[in-house]
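Q: Pasting the sequence and the predicted coordinates here, then a few questions.
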Amino acid sequence: MVNLNDVQALVEAAPTGATYAELHEAFVRSTRSDIAESLVRLAANLRAGRYPAGRPYRHVNGFTKMVMVEHPSARLTLHIWPAERGAPDDVSRPHDHRYAFSSILLGGRQQFVELEETVDVRLGEPWRSFEYRPYRKGLFAAVTPRGVITCREIAVAPRIPLAGHYTATSAIVHQAITGRDETCVTLVMRGPRERRTSKVYYRPQEPAPRGRLQFGRRVEHEEVMRQVDEAIAFVTT
């Protein structure tokens, strides 16, 4: 059994042969103080110019994605949606993932809506589906159209900061609905990649991805530090 207090350390110091199930079990047992210790250590490394697993970037879904540590069986990432007061809730396009993952909401407001594809057009809404194949840890992706697909809502998963976790398999299609009135931060552990591609769904009236490529945006160091400090405040105050 993997048993370390610092969440980042539980991945860094885990034996090479540790499984995702073992690391996941330790992750979901993480306490507020475990998470705080990890984020404070992360901030110290960033201030010293040490990025633990590559530079953070702004994901195409609007959040800053920061890889904290990688293991052959798992990856620990911090996802941060900066506050934009007065803006409507951010509703992501429906999508699935190439891997299973669990997410702990550290602060802010977020819920997931889960959907499934159906052949019965009466049961849902039409979406244009695209297949994404990321490269360079998601900094850009090749995009291939799949056609028009009907998806229907099957579940809503509300979330409470620092209370439990949300888990999804690679087969689940969902939307993240994230409040913008304050910063929202999640800590995510993902498992090994199960396939090369994922699916993203666009409404019929939305423009398709341009050039069949989609790029993340670099986040400057000062912005990274400000966002990490906000994440620390959620778990230390």
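A: Received, thanks. Everything numeric here is computed off the predicted structure, so don't read it as measured data.

Q: Now the element after the helix or strand harbouring Ala176, going C-ward?
A: Assigned by DSSP states H and E, Ala176 belongs to strand 173-178. Sequence-wise, the next helix or strand downstream of strand 173-178 (DSSP H and E) is strand 184-190.

Q: Residues in contact with stretch 13-32: which ones?
A: With contact meaning C-beta atoms under 8 Å, 6 or more residues apart in numbering, stretch 13-32 is reached by 1-4, 7, 10-11, 71-74, 76, 100, 102, 104, 162, 165, 187, 189, 191-192, 235. C-beta here means a position set from N, CA and C on the backbone, and glycine is covered the same way.

Q: Could I have the ChimeraX command that selects the buried members from the residues you listed?
A: This is how ChimeraX selects the buried members of those, with burial counted by 16 or more other C-beta atoms under 10 Å:
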select :2,7,10,11,71,73,74,76,100,102,104,162,165,187,189,191,235
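
Q: Cross the contacts of stretch 13-32 against strands and list the overlap.
A: 71, 74, 76, 102, 104, 187, 189 (DSSP state E).

Q: need those in TSV with pLDDT and distance to Leu39, can you?
A: Formatted as TSV, these follow (pLDDT from 0 to 100; distance: C-beta to C-beta, whole Å):
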residue	pLDDT	distance to Leu39
His71	92	18
Ala74	95	18
Leu76	95	11
Ser102	98	17
Ile104	98	12
Leu187	97	8
Met189	97	15
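
Q: Taking the residues you listed together, which two end up most distant?
A: Largest separation among those by C-beta to C-beta: His71 and Ile104, giving 17.6 Å.
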